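In: Fold the following for me, if possible:
(one chain, ligands or ions: 1)
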Amino acid sequence: MPREVREVVFVDGVRTPFGKAGGMYAETRADDLVIRCIRELMRRNPQLPPDRVDEVAIAATTQIGDQGLTIGRTAALLSGLPKTVPGYAIDRMCAGAMTAVTNVAGGIAMGAYDVAIAGGVEHMGRHPMGEGVDPNPRIIAEKLVDPSALVMGSTAENLHDRLPGITKERADRYGLNSQLKTAKAYADGKLQPDMVPVALRSAEQGWGLATADEAPRETSMEKLATLKTPFRPHGRVTAGNAAGLNDGATAALLASEETARELGLPVAMRMVSYGFVGVEPEIMGYGPIPSTEKALKKAGLTIDDIGLFELNEAFAVQVLAFLDHYGIADDDPRVNPWGGAIAIGHPLASSGVRLMTQLARHFAEHPEVRYGLTAMCIGIGMGGTVIWENPNWDGEAK
Ligand SMILES: CC(C)(COP(=O)(O)OP(=O)(O)OC[C@H]1O[C@@H](n2cnc3c(N)ncnc32)[C@H](O)[C@@H]1OP(=O)(O)O)[C@@H](O)C(=O)NCCC(=O)NCCS
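Out: Next up is the predicted model:
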């Protein structure tokens, strides 16, 4: 049967405030965070009949305990979606939610789904990075990768070694700018509209309400210069130029463009192309460069066509490697206009949808921009990029 590929649109995205691992969500279950996001998506889009949701794909890196049990299915049930709505769990480490989005997009494009929910959750307080992993000894014994490839901060140090033009001072300045941009975005009320408040309970402190990210902080180049380099003596990667360890969840609504129009759902972004690649695991932060090349090629675009960038800031050095590759200035206003993971936090498998949600807001504010890009590096040496088109584009300029 011949069939046409259908346009896939990003309808809406939300996230919880991101907490510090062991911070405000210490006594909150991981699955409750993502359930909160799914419920909020349904509340914000009442024109969507719940039984029209065809799939719920939820990512988590550590799929055990309250992040296990096929979390997409259990979160769908616990969100109050009809029992007829299926769901599944997904893992591509930091790009879990991004992969959830591209997976359901594939299903929408080929007609298997009309509407789907994709998101991610990571409670790094309850499930520290590497919990329960048992790497096959052959990985090291057969020198498939250097042992440093399994420690993300060490891969960032390795990237600094390969790219000596990216100094610690540059990485610190990038980290400082991320904090400053996020502080301004908060003051201007840019981040709050897509944040769903989360009820908190603490045995010691009683009830509370999370309404803002916990990680952003005031800092300065002087303070940043004094921080320890935990991944290597006299290294360059510090808590100030790396994303932290965080708890949080995200969820997004995707649909075929025709279904969105039929149901009166907003069209915030149109998916253009995506690319995932593998790179040397020792320098995993390099990944977004070839994944962007791949996504651009598939779209028939060049980097000059991209007017807005939402890059995950796992480490300043990996964003700077990307910017250097494309000849983009460290403080280019098109890049992460509201700061990034260094300030906001990076609950691994949830972050991809945060990038997309923010890009959707930028698109609404920038009708002069036609294309934008979300990209992230991924553990064990990968990169992922999704290119989006702005439906508000006024056709005047890029
Ligand atoms: C870098 C890392 C090891 C730091 O962990 P940590 O030591 O628990 O971090 P903290 O928040 O306690 O910060 C360490 C110190 O720096 C200080 N600090 C952190 N950020 C700061 C900033 N922007 N300005 C000034 N001081 C800062 C803290 O106050 C703390 O000081 P203290 O030791 O006097 O209490 C951790 O965040 C990490 O592993 N990040 C990478 C996560 C990762 O790999 N993600 C996956 C990516 S692929």
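In: In contact with the residue in the stretch 1-150 of the chain that the ligand sits nearest to, which residues?
Out: Nearest residue of the stretch 1-150 of the chain to the ligand: residue 94, at 5.0 Å (C-beta to the nearest ligand atom). Quick note: C-beta positions are derived from backbone N, CA and C, even for glycine. With contact set as C-beta atoms under 8 Å, 6 or more residues apart in numbering, residue 94 has these partners: 61, 312, 314, 346, 348, 349, 351, 352, 376, 377, 378, 379.
In: run the last query once more with 7 Å
Out: Contacts for residue 94 (C-beta atoms under 7 Å, 6 or more residues apart in numbering) come out as 312, 314, 348, 351, 376, 377, 378, 379.
In: And for residue 126?
Out: Under the criterion of C-beta under 7 Å, 6+ apart, the neighbours of residue 126 are 30, 65, 66.
In: could I get those residues as JSON lines with neighbour count, secondary structure and pLDDT?
Out: Listed next are the contacts of residue 126 as JSON lines, based on neighbours: other C-beta atoms under 10 Å; DSSP: H, G, I helix; E, B strand; the rest coil; pLDDT from 0 to 100:
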{"residue": "30", "neighbour count": "28", "secondary structure": "helix", "pLDDT": "98"}
{"residue": "65", "neighbour count": "16", "secondary structure": "helix", "pLDDT": "97"}
{"residue": "66", "neighbour count": "18", "secondary structure": "helix", "pLDDT": "98"}
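In: Low-confidence ranges, the stretch 101-250 of the chain, go.
Out: For the stretch 101-250 of the chain, applying pLDDT under 70 flags no range at all.
In: related to what we said a few turns ago, specify which member of the contacts of residue 94 is nearest to the ligand.
Out: Comparing those against the ligand with C-beta to the nearest ligand atom places residue 314 closest, at 3.6 Å.
In: Does the closest one touch residue 346 like I think?
Out: Yes - judged on C-beta atoms under 7 Å, residue 314 makes contact with residue 346 at a distance of 6.2 Å.
In: Quickly list what's touching both of the two.
Out: Both residue 314 and residue 346 are in contact with residue 243, where contact means C-beta under 7 Å, 6+ apart.
In: In the stretch 51-200 of the chain, mark out all the helices, start to finish.
Out: For the stretch 51-200 of the chain, helices defined by DSSP state H, counting those that start in this stretch occupy the ranges 71-78, 96-109, 138-141, 152-162, 168-187.
In: Out of these, which is the most enclosed?
Out: Of all the helices of the stretch 51-200 of the chain, helix 96-109 carries the top mean neighbour count, a mean of 25, counting by mean count of other C-beta atoms under 10 Å.
In: Would you mind listing the residues in contact with the closest residue to residue 240 other than its chain neighbours?
Out: Leaving out its chain neighbours, the residue that sits closest to residue 240 by C-beta to C-beta, 6 or more residues apart in numbering is residue 224, at 4.2 Å. By C-beta under 7 Å, 6+ apart, the contact set of residue 224 is 172, 175, 176, 238, 240.
In: The fourth one and the ligand, how far apart?
Out: Yep, that's residue 238 we're talking about. Between residue 238 and the ligand the computed distance is 6 Å (C-beta to the nearest ligand atom, to the nearest Å).
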